[in-house]
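here is my input; please provide its structure:
(one chain, ligands or ions: 1)
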Amino acid sequence: MQSMTLSSNYPELSPKYDFYSDIPVTYLAKKYGTPMIAYSMKRLQDNISRLKYAFLNSQIKIHYAVKANYNPYIVSRIIKNSVGIDAANLNEAKLAIQLGSHASDIIATPNNLSGRELLELSKLNIAINFDHEGQMQLIKDSLPETVSFRINPGIGMGEFAGITTAGHNVKFGISPEDAIKAYASARKYGAKRFGIHMMTGSNVLDPEFFKESTERFFSIATKISDSLGIEFSFLDIGGGFGVPYNLYTEPLDIDKTAGYIKDNFLKYRNRGYFKGSDLIIEPGRYIISDAAILISEITSMKNSDHRIIGLDTGMNTMIRIPLYGAHHEIKISGYSDQDYNTIFDVVGQVCENTDYLTHDILLPEAHIGDLAIILNAGAYVSSMASNYNLLGSPAEVAIERGKDKLIRKHSTLDTMLHGFLM
Ligand SMILES: Cc1ncc(COP(=O)(O)O)c(C=O)c1O
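Here you go, the predicted model:
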């Protein structure tokens, strides 16, 4: 959709990519060093407000999926907006508690935890979306008050196969038939309240998918409810609300999406179901992805089969790119659109030939020392980064009302070696 402008998808970036949230990119790079991630707290706030507004007038609870970004400063700000937490495991739940979340505002959706970890979650009285009955059996004598199971509704959608988490050949969840047995067991073991969960995939931009998947999900929930005579205190439809990863893709129509979900929910309410149930969503990417950029310095330019720009970052930080084949826009700060007329590949510092951040894109005739900007660096970037090759994690800086604040230092050799026997 060529009609979209830069400012619609990335309003915090200036047209020449030289200012972010009104702060010069060169100033940030000089003050904090590259590579660094800069967060726009305004964009974060706007994303939360838009989501809340879209779901207004429904019994909706928003639980932020910490896996998208666990920087405590970011998570704490999200919690201060009265947003609950979706924790993938014990550590994410503990972080949320440390940052002020109440156990009743946290739901854990873990994968293959040990009995010890599940028990700790249960002792904290955190509701658990068990992946399957076997996980619940590990703590059958000490279940949390609210027990929930992750249903595979039979359809999934994600931007890539690696982030499609329902349908066929996925490791997550159980069939509706197995769910009936699992809830019956949970009741036998003394569960007092019940929830039901699905998470069908990530970065979905099509409202119709949310309409179809929630219709299936609510219908499955009514069948379980009818066959066991249980009521659900929550129906958790997961995250997956997508964002554009380039300048021109239309964003998800969140009002339409929320409208479909609310209508489906109300339809079943009018039939007498879910009267006392909360509707839960677990967005991660939607809240934080486009609220950050990664700023990196050009450290080399060379001619090979292709022309190649080398950066002082790489797949250690941008693992989404080789892992899924994900696309992140890369721009060079300070150049105009008409300068983007030479084809380059962009690579990083990692000693692997998978360390391509992009292939064949139009960029300006840049120079060593110029700053590259990688967009959508808020979600699944910092939280998925590694120290492979002993490459450090980027510094992280929050920008708010014209002020910048360091919220994570660069890792150093010492911090990376912490815990090793030397
Ligand atoms: C259980 C669960 N909930 C929520 C999310 C967040 O998804 P997204 O960032 O697409 O909103 C994920 C992501 O994989 C997930 O696995």
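
contacts, neighbours, all on C-alpha from now
OK.

could you list the domains of this protein?
Taking automatic domain parsing as the reference, the chain has its domains at 6-40+290-417, 109-283.

nearest to Phe55, out of these?
Proximity of the domains of the chain to Phe55 was assessed by Cα to Cα; the nearest stretch is domain 109-283, lying at 5.7 Å.

and the closest one, what's its mean pLDDT?
For domain 109-283, mean pLDDT rounds to 97.

now mean neighbour count too, for the domains of the chain, in CSV please.
Output for the domains of the chain, formatted as CSV (neighbours: other Cα atoms under 10 Å):
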stretch, mean neighbour count
domain 6-40+290-417, 18
domain 109-283, 19
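
need the contact list for the closest residue to Met318 other than its chain neighbours.
If the residues on either side of it in the chain are set aside, Met318 comes closest to Val381, at 5.8 Å by Cα to Cα, 6 or more residues apart in numbering. When contacts are counted by Cα atoms under 8 Å, 6 or more residues apart in numbering, Val381 touches Ala68, Asn69, Thr317, Met318, Ile319, Arg320.

can you read off the pLDDT for the fourth one?
The pLDDT attached to Met318 in the predicted structure is 98.

any idea how far Lys211 lies from Asp18?
40 Å (Cα to Cα, to the nearest Å).

want to throw the domains of the chain into JSON lines with distance to the ligand?
Conversion of the domains of the chain to JSON lines gives the following (distance: least, Cα to the nearest ligand atom, whole Å):
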{"stretch": "domain 6-40+290-417", "distance to the ligand": "7"}
{"stretch": "domain 109-283", "distance to the ligand": "3"}
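
contacts only, for Lys140.
Residues in contact with Lys140 (Cα under 8 Å, 6+ apart) are Ala186, Tyr189.

please repeat the previous calculation with a cut-off of 6 Å.
The contact partners of Lys140, by Cα atoms under 6 Å, 6 or more residues apart in numbering, come to Tyr189.

with Pro24 instead?
Pro24 sits next to Asp18 when contact means Cα under 6 Å, 6+ apart.

in this structure, which strand is the longest?
For the chain, the longest strand by residue count, based on DSSP state E, is strand 292-303.

Met422 and His410, how far apart?
The spacing between Met422 and His410, counted by Cα to Cα, is 22 Å.

should've said Ser114
Between Ser114 and His410 the computed distance is 33 Å (Cα to Cα).

and for Tyr380?
Here the criterion is Cα to Cα. By it, Tyr380 lies 18 Å from His410.

and if you look at Asn89?
Between Asn89 and His410 the distance, using Cα to Cα, works out to 26 Å.

and the strands in the stretch 201-350 of the chain?
Counting by DSSP state E, counting those that start in this stretch, residue ranges of the strands within the stretch 201-350 of the chain are 232-236, 278-281, 292-303, 307-311, 330-332, 342-347.

quick one: strands adjacent to the last one?
It refers to strand 342-347. Neighbouring strands of strand 342-347 in its sheet, by DSSP bridges, are strand 307-311 (parallel), strand 356-363 (antiparallel).

out of those, the one nearest Gly134 is which?
Taking Cα to Cα, strand 356-363 is the member of the strands paired with strand 342-347 nearest to Gly134, at 40.3 Å.

can I get the closest one as PDB, trimmed to CA atoms?
As requested, the backbone C-alpha atoms of strand 356-363 are provided in PDB (Å, rounded to 0.1, in the frame of the first residue of the first chain):
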ATOM      1  CA  TYR A 356      22.600 -11.100   7.200                       C
ATOM      2  CA  LEU A 357      20.200  -8.400   8.500                       C
ATOM      3  CA  THR A 358      18.800  -7.900   5.000                       C
ATOM      4  CA  HIS A 359      19.500  -8.700   1.400                       C
ATOM      5  CA  ASP A 360      19.200  -6.500  -1.700                       C
ATOM      6  CA  ILE A 361      17.800  -3.300  -0.300                       C
ATOM      7  CA  LEU A 362      18.000   0.200  -1.500                       C
ATOM      8  CA  LEU A 363      20.200   2.300   0.700                       C
END
